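Engineer: Got a predicted model here, sequence first, then my questions.
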Amino acid sequence: VGGWAGGGRLRLESFPPESDWGEDEAKRIIEIAENECDHIVAIERPGRAKDGSHYTMRGICMDHLLAPLDRLIDLAKEVKPELKVTAIGDGGNELGFGKQYDATLASPNILMPDKCVSVVSCDHLIVASVSNWGGFALAAAAGMARHENAKKGGGGEWELDALAVVSRCLPSEVDETRILAGCVEAGCRDGVSGKMESTVDGMSLDITLD
């Protein structure tokens, strides 16, 4: 929160599906794990199931589409056992649900538990009706933590009232509407309906905005 709010830059690293990996990708993920990780946050990131593959919540294999970035956790933990991982998910197939594996298998809300539930664990698991909302909650909580620290030590602009701090850490209704419209324009599909429409997990944008 501090770096972002202070105008710090973020670097985006992109990895292709594992089938397209070469020595460069293998080396790069190791370098990131060893040199740049102190706390990993994963949101809506598929984690490998008990058979080693990655599935949608409906049991469709996605190995040919995504990079196995859950490997980053294994590599980073080897170098820094104290490293913490926060994971956010909504369908049981996401990285992190291994922390509550048995409970997730037993949940009536998981569509294909024996196939899709991830075995990859984490330190802090945030389960949300929609992963986006879990991300909003984490952002707001991080802002409030910074706010409380600022009140104790004189943190300048973070000594705003609590509502202002939370609002600052969340996208506005205009931002959220533009983001979703941009996703649709780029060809993204709703994860539940499979349609290119301004919905989130089968729910209208209005529900997210509420």
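Structural biologist: On my side now, so go ahead.

Engineer: Tell me if I'm right that Phe15 and Asp70 touch.
Structural biologist: No. Contact criterion C-beta atoms under 8 Å: Phe15 and Asp70 do not qualify, at 11.7 Å. In short, each C-beta sits where N, CA and C put it, glycine included.

Engineer: out of these two, which sits in the busier spot?
Structural biologist: A direct count of neighbours by other C-beta atoms under 10 Å for Phe15 and Asp70 places Asp70 higher, at 25 against 17.

Engineer: Can you tell me which residue is spatially central in this protein?
Structural biologist: Nearest to the geometric centre of the chain sits Ile43, at 0.9 Å (C-alpha atoms, centre = their mean).

Engineer: Grab the nearest non-local neighbour of that residue.
Structural biologist: Closest residue in space to Ile43, ignoring its immediate chain neighbours: Ile88 at 4.3 Å, by C-beta to C-beta, 6 or more residues apart in numbering.

Engineer: Please report phi then psi for the one you found.
Structural biologist: When read as degrees, to the nearest 10, the backbone of Ile88 gives phi -120, psi 130.

Engineer: can you count the residues close to it?
Structural biologist: When neighbours are defined as other C-beta under 10 Å, Ile88 has 27 of them.

Engineer: Who does it form a beta bridge with?
Structural biologist: Ile43, Ile126 (DSSP bridges).

Engineer: Could you double-check that it lies in contact with Ala139?
Structural biologist: No. When contacts are counted by C-beta under 8 Å, Ile88 is not listed as touching Ala139 (10.6 Å).

Engineer: would Thr177 count as being in a strand?
Structural biologist: No. Remark: Thr177 does not belong to a strand; assigned using DSSP: H, G, I helix; E, B strand; the rest coil, it is helix.

Engineer: can you give me how far the helix or strand where Leu105 lies is from the chain middle?
Structural biologist: Leu105 is part of helix 101-106, with elements assigned from DSSP states H and E. With C-alpha atoms, centre = their mean, to the nearest Å as the basis, helix 101-106 stands 20 Å off its chain's centre.
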